[in-house]
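Asker: I would like the atomic coordinates for the input below:
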Amino acid sequence: MSYTTVPGLATTYLIKTPGSGTATIISGTTATLHATGIVRETGKKFWSTKDPGQEPFTCQYGVGQLIKGWDMGCIGMKVGEVREVLIPAAEGYGSKGFPAW
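Answerer: Residues are numbered from 1 along each chain as shown. Predicted coordinates for the structure are as follows:
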């Protein structure tokens, strides 16, 4: 398995479980996804929609509502797909991370 680079970005992704069907996230698509944030250098999870009290989130992809790496790193996903998205700081929360973490 190899990582795919998101066009125009340094963000990469790996499809861990292929999705199915014809429904695909394209720019402007509203979709509901689970996400887990892990610090690459330490392997420590800092947040997950699967944690108690959390829920998957719904938003419009490819239109700048999210951090750039996540916004564009989900383009092309299909229903049921599991994707690992590696987002460098510049396309995420910046070099200092999200203030709450």
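Asker: please make it C-alpha for all contacts and neighbour counts, starting now.
Answerer: Fine.
Asker: secondary structure element for the most centrally placed residue in the chain, which one?
Answerer: Centroid-nearest residue in the chain, with CA atoms, centre = their mean: Trp70, separated by 3.8 Å. Per DSSP states H and E: Trp70 is located in helix 68-73.
Asker: determine the set of other helices and strands touching the next helix or strand after that helix.
Answerer: On the C-terminal side of helix 68-73, the closest following helix or strand by DSSP H and E is strand 78-79. Judged by 3 or more CA pairs under 8 Å, 6 or more residues apart in numbering; DSSP states H and E, strand 78-79 is in contact with strand 20-24.
Asker: now the strand it packs on - C-alpha only, CSV.
Answerer: Taking C-alpha atoms only, strand 20-24 is exported to CSV below (Å, rounded to 0.1, in the frame of the first residue of the first chain):
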residue,chain,number,x,y,z
SER,A,20,-18.4,1.0,-2.3
GLY,A,21,-21.1,2.4,-4.6
THR,A,22,-21.0,5.4,-6.8
ALA,A,23,-21.6,8.2,-4.2
THR,A,24,-18.3,10.0,-3.9
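Asker: can you list the strands that that strand pairs with?
Answerer: The strands beside strand 20-24 in its sheet (DSSP bridges) come out as strand 78-79 (antiparallel).
Asker: check which element follows the strand it pairs with along the chain.
Answerer: From strand 78-79, the next helix or strand downstream (DSSP H and E) is strand 82-86.
Asker: quick check, distance from that following strand to the centre of its chain.
Answerer: 6 Å (CA atoms, centre = their mean, to the nearest Å).
Asker: likewise stretch 5-17?
Answerer: Relative to its chain's centre, stretch 5-17 lies at 9 Å (CA atoms, centre = their mean).
Asker: what of stretch 82-101?
Answerer: Stretch 82-101 has its average C-alpha position 10 Å from the chain's average C-alpha position, going by CA atoms, centre = their mean.
Asker: go on, stretch 9-27?
Answerer: A distance of 10 Å separates the centroid of the chain from that of stretch 9-27, by CA atoms, centre = their mean.
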